[in-house]
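S.K.: okay, predicted coordinates and the sequence, questions at the end:
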Amino acid sequence: MREAGETPEPGEPGDGSGLGARLAAVGGAGVRSFDAVPAGPEVPLAGGPGVTRTDEVAEKKRPGWRGGRVIPSVVALVLVGCLGAAAVRFVDFSGPSRPTRAAPQAVPSAGGGVEAAAGPRASDQPVRADDDLDRVCGDTYFPAAPKYRGDGPHPVMISVRESLSADGRFTRTLNRAAYGGSAAQRRTWAPAPRRAQLVACLDLTGPGRPIRDCKSGDRTLSLVEGRYRLTVYEVATRREVAGTALTGGDRACPFVILTSAGPTLYSAVKDQQLYDLLRRRVEG
């Protein structure tokens, strides 16, 4: 306890030198330059608890301390880790793609057209013309048409495709059978389209053996055997009633050769061939 007016001793509370003077006394110039106290046993500083050691202050203030670089390094490591995880997830999700279901394939029909894999289609209209019956050789049937059932006669229309590169068809009539007999024969072999029960589809399928050369103006064309497929369908259902392969029996050069004809001609199927193949189904 000091009396009033006494000067405080150095190091006591109230001493004007304070903490700075005490630190200067201990560390000297090293404190001012923030140099560390030489390594050695830990010695408590004068002034007691709460006084910071000069070597700790110097360590924190030393210019070479790398604390400012640690945080960016940690952040960089975190970013690399995140990018690595994202890359793994990307690889996981970018594996083999889910198999897709193949679209239904179209297949050639016996009539030479393209028939959908789902099957023939029913027409909501009745037969009105020969062109409608040509569609039976493709993928269409007409439920309103007369049914093929019971005893004959069963009226038939013959639809022909004589090209390997085009799908055009035409109606062929067996004149001797249709017009050389009775009215009943005519109604059977040359019926009104709406009364037909059957369609006989005759399609060229390819060439056979060479037969001869045929002259047309200044052109010379090669006549070869024509290979055909004959398929008989019920108009009301497109159910196949009969089918067979055959070779055109007409081995003579055509009387008329179109200028658009290609370099190869195919032997035609004779009326008698068709009549013999169809008679049992049509008249029986």
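M.R.: Perfect, thanks for sending it. Residues are numbered from 1 along each chain as shown.

S.K.: how about G243, secondary structure?
M.R.: Using DSSP: H, G, I helix; E, B strand; the rest coil, the structure places G243 in strand.

S.K.: which residues does it bridge with?
M.R.: On the basis of DSSP bridges, G243 is bridged to T231.

S.K.: that one and L230 touch, don't they?
M.R.: Yes - proximity of G243 to L230 meets the contact threshold set by CB atoms under 8 Å, at 6.7 Å. Using the backbone N, CA and C atoms, a C-beta is placed for each residue, glycine as well.

S.K.: the more surrounded of the two?
M.R.: Shown here are G243 and L230; by other CB atoms under 10 Å, L230 has more neighbours (21 against 13).

S.K.: now for that one: which residues touch it?
M.R.: Residues counted as contacts of L230 (CB atoms under 8 Å, 6 or more residues apart in numbering) are 200-202, 242-246, 274, 277.

S.K.: make it 7 Å
M.R.: Applying CB atoms under 7 Å, 6 or more residues apart in numbering to L230 gives the contacts 200, 202, 243-244, 246, 277.

S.K.: specify which member of the residues you listed is nearest to R212.
M.R.: Within the contacts of L230, proximity to R212 (CB to CB) peaks at L246, which comes in at 20.2 Å.

S.K.: burial check on the nearest residue to that closest one once chain neighbours are set aside, number of neighbours?
M.R.: Distances taken as CB to CB, 6 or more residues apart in numbering put Y228 closest to L246, at 5.3 Å, once the chain neighbours are dropped. Using other CB under 10 Å, Y228 has 24 other residues around it.

S.K.: and for P120?
M.R.: By the criterion of other CB under 10 Å, P120 has 18 neighbours.

S.K.: would you agree it is in contact with C137?
M.R.: No - under the criterion of CB atoms under 7 Å, P120 is not in contact with C137, lying 10.7 Å apart.

S.K.: who are the packing partners of the longest strand anywhere in the chain?
M.R.: If you go by DSSP state E, the chain has its longest strand at strand 198-216. With contacts defined as 3 or more CB pairs under 7 Å, 6 or more residues apart in numbering; DSSP states H and E, the packing partners of strand 198-216 are strand 156-161, strand 219-234, strand 264-266, helix 271-283.

S.K.: got the angle between the last one and strand 156-161?
M.R.: Which is helix 271-283. 140 degrees (axes from the mean of the first three to the mean of the last three CA atoms, to 10 degrees).

S.K.: counting by contacts, list what helix 271-283 packs against.
M.R.: In terms of contacts (3+ CB pairs under 7 Å, 6+ apart), helix 271-283 is packed against strand 156-161, strand 198-216, strand 240-247.
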